[in-house]
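Engineer: just to be clear, the model below is a prediction. Sequence and coordinates:
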Amino acid sequence: MCPQPVTVEAMLGDKRYHQYDVIGIVDDDPGIRDALDLLLSSYGYRTELFTSAEEFVMAVRTTKSTCLLVDIELGNITGVELGRQLAAMGHVFPIIFMTGSCDATIHKQALDFGCIAFLHKPFQPEQLIESIVKATERS
């Protein structure tokens, strides 16, 4: 008898699927960063927290992140600009963008960049986890 393929639904509830994935969270809001850290930890993910795009760029050579969760509004540069900068440096990560604004131009730029998902805050935890599962399957 052939084994059944593992579904996304099964992976969402099984921490064994997440124990090797490290999610880099790049957000300048400490409340959001900490809440995402707590949420992802409850699903079995390990996280690396970054307060700015610049901080992540400085750590890119040593990061263990397999996927990035990036706020669009990071202060000095946008999340999309961070993604472009990383790609220009030769570092390609699956990226999930998140935002509290509804700027259609930024949304289009993020999709054109090739993000895995574009989540509008507030989003449901299941939306985020499903996006991360898809991103980490590709990495």
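Structural biologist: Perfect, I can see it now.
Engineer: the strands in the protein, which residues?
Structural biologist: Under the criterion DSSP state E, strands of the chain are mapped to 22-26, 46-50, 67-71, 95-99, 117-120.
Engineer: please report the distance of Pro122 from Leu128.
Structural biologist: 11 Å (C-beta to C-beta, to the nearest Å). All C-beta atoms are positioned from the backbone trio N, CA, C, and that covers glycine.
Engineer: and for Ile116?
Structural biologist: Distance of Ile116 to Leu128, given as C-beta to C-beta: 11 Å.
Engineer: any residues in contact with both of the two?
Structural biologist: The contact sets of Ile116 and Leu128 overlap at Ile96 (C-beta atoms under 8 Å, 6 or more residues apart in numbering).
Engineer: the strands of the chain: which one's closest to His107?
Structural biologist: Using C-beta to C-beta as the criterion, the shortest distance between His107 and the strands of the chain is 6.0 Å, found for strand 117-120.
Engineer: now do the buried residues in that closest one.
Structural biologist: Across strand 117-120, burial judged by 16 or more other C-beta atoms under 10 Å covers Ala117, Phe118, Leu119.
Engineer: just these now: which is nearest His91?
Structural biologist: The closest of those to His91 turns out to be Ala117 (C-beta to C-beta; 19.4 Å).
Engineer: gap between the closest one and Glu137?
Structural biologist: Per C-beta to C-beta, Ala117 is found 13 Å from Glu137.
Engineer: now do the helices in this structure.
Structural biologist: Under the criterion DSSP state H, helices of the chain are mapped to 8-13, 30-42, 53-59, 79-88, 104-113, 125-138.
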